[in-house]
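S.K.: sequence first, then the predicted structure, then my questions.
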Amino acid sequence: MGKRKANLIEEDGCLVRMVHLDRVAIAREEAIPDQDLERLALVYKALGDPTRLKIVMALRRGEMCVCDLAALLNLSESATSHQIRRLKDLALVKSRRDGQILYYSLDDHHVEELIQVGQDHLLE
């Protein structure tokens, strides 16, 4: 295959080399707003922590209280609660109170889908 000639265009006062202008234009059109991009990056960052990922994976089977999650993780309830708080702040986990006990579960089916897609990717 032969080399493709680069196109030089001026953008914000600088010459920029772009080989496939049509692809760049489409990517720019389809890009999500920076605010949404930041939030999405935070979701993946939260799931990138092994402890938080273990919590999410455990909650795929149903709700659990902080005591049960702490026992699973071999962490204190305080440390476990801190991790859960991070997940709640990003709407990955929600809680339900039953008397004195808070039960945690996945916020919605999308959270489980995120995990399943990642696992499917690993198996390919």
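M.R.: Arrived safely, thanks for sending. What you are looking at is a predicted structure, and each value in this text was computed from that prediction instead of being measured.
S.K.: CA only for contacts and neighbour counts going forward, please
M.R.: Fine.
S.K.: could I get the full set of helices for this protein?
M.R.: 21-30, 34-47, 50-59, 66-73, 77-89, 109-123 (DSSP state H).
S.K.: mind listing residues that contact the fifth one?
M.R.: Read that as helix 77-89. Ala46, Thr51, Arg52, Ile55, Val66, Cys67, Leu69, Ala70, Leu73, Val93, Lys94 (Cα atoms under 8 Å, 6 or more residues apart in numbering).
S.K.: give the contact list for the third one.
M.R.: Contacts of Arg52 were listed using Cα under 8 Å, 6+ apart, and they are Ala46, Gln83, Ile84, Leu87.
S.K.: low-confidence stretches in the protein?
M.R.: For the chain, applying pLDDT under 70 flags the ranges 1-7, 18.
S.K.: and Leu123, how far from Leu59?
M.R.: Distance, Leu123 to Leu59, using Cα to Cα, to the nearest Å: 22 Å.
S.K.: quick one, which of those two is more surrounded?
M.R.: Neighbours were counted for Leu123 and for Leu59 using other Cα atoms under 10 Å; Leu59 has more, 19 against 7.
S.K.: surely the more buried one meets Leu106?
M.R.: Yes. The pair Leu59 / Leu106 is scored as a contact, 6.1 Å apart, by Cα atoms under 8 Å.
S.K.: possible to save the helices of the chain as a markdown table with distance to Glu10?
M.R.: Converted to a markdown table, these look like this (distance: least, Cα to Cα, whole Å):
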| stretch | distance to Glu10 |
| --- | --- |
| helix 21-30 | 13 |
| helix 34-47 | 23 |
| helix 50-59 | 44 |
| helix 66-73 | 54 |
| helix 77-89 | 42 |
| helix 109-123 | 39 |
